[in-house]
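Visitor: return a 3D structure for these sequence lines:
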Amino acid sequence: MWRVVLDTNVLINADKGEFSYPKRILDLVLQGALEAVITSQVWRENRLLVDRLVKDERLKGDIQDFLIMAEQVEPSRVQVPIEDKEDLKLLAAAKGGRANFLITEDRHLLDLGNFNGFDILTPEQFWSRWEQTGGGDSWNSWIKNIISN
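Guide: Numbering: from 1, shown residues only. Below you'll find the predicted structure:
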């Protein structure tokens with residue numbers, strides 16, 4: 001199973017609708033098709049910003065479930081020249097959690113492309129990879145889940 005770190009901007013942008021890539025990815029985690037990893041520092045940031053910026057109560061509930069489900073990991077030390085030093089915590093979470101992917105919409109991180117063995121992708125790029133590697137079958141499951149709720 002793929003291990004992922006979701007940047008806070010992905011969780012917030014899940015508010016763009018049920019069919020948005022961020023929401024699809026969040027749903028995959030909630031369905032158990034992906035394993036999310038998180039550090040306590042990233043957890044706190046997610047909690048704080050989601051509480052402030054997400055207005056949809058159902059989505060807030062989904063994100064709370066995500067935060068409960070995510071595996072708490074210890075961050076690993078990372079050194080990389082990056083413009084926004086706040087982004088280091090996401091790289092440390094992905095490395096410490098042995099993630100396969102860091103999913104973000106942050107250009108500073110996306111410019112790295114691959115870092116310490118994990119790929120840094122936009123939600124749309126991740127979804128494309130997911131479908132290309134057989135996860136696309138989950139699209140049908142994902143649609144069925146949306147319809148049944």
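Visitor: low-confidence stretches in the chain?
Guide: For the chain, the stretches with pLDDT under 70 are 136-149.
Visitor: helices along this structure, start to end?
Guide: In the chain, helices defined by DSSP state H lie at 8-13, 21-31, 40-53, 57-69, 88-96, 107-110, 123-130, 137-148, listed in chain order.
Visitor: most packed of these?
Guide: When these are scored by mean count of other C-beta atoms under 10 Å, the highest mean neighbour count falls to helix 88-96 (a mean of 23). C-beta here means a position set from N, CA and C on the backbone, and glycine is covered the same way.
Visitor: helices and strands around that helix, which ones?
Guide: Judged by 3 or more C-beta pairs under 8 Å, 6 or more residues apart in numbering; DSSP states H and E, helix 88-96 is in contact with strand 3-6, strand 35-38, helix 40-53, strand 101-103, strand 114-115.
Visitor: now the angle from it to helix 40-53?
Guide: Computed with axes from the mean of the first three to the mean of the last three C-alpha atoms, to 10 degrees, the direction of helix 88-96 lies at 130 degrees from that of helix 40-53.
Visitor: now do helix 88-96: everything it contacts.
Guide: With contact meaning C-beta atoms under 8 Å, 6 or more residues apart in numbering, helix 88-96 is reached by 5, 7, 37-39, 41-42, 45, 73-78, 80, 82, 99, 101-102, 104, 109, 112, 115-116, 118.
Visitor: from these, which would you call buried?
Guide: 5, 7, 37-39, 42, 45, 73, 75, 78, 82, 99, 101-102, 104, 109, 112, 115, 118 (16 or more other C-beta atoms under 10 Å).
Visitor: the residue lying closest to residue 50 once chain neighbours are set aside and residue 14, how far apart?
Guide: Counting by C-beta to C-beta, 6 or more residues apart in numbering, residue 63 is the residue found nearest to residue 50 once chain neighbours are left out, at 5.1 Å. Residue 63 sits 7 Å away from residue 14, going by C-beta to C-beta, to the nearest Å.
Visitor: before we move on, the earlier item: and the residue nearest to residue 50, what does it touch?
Guide: For residue 63, the contact set (C-beta under 8 Å, 6+ apart) comprises 11, 14, 26, 46, 50, 54.
Visitor: one more pass at 7 Å, please.
Guide: 11, 50, 54 (C-beta atoms under 7 Å, 6 or more residues apart in numbering).
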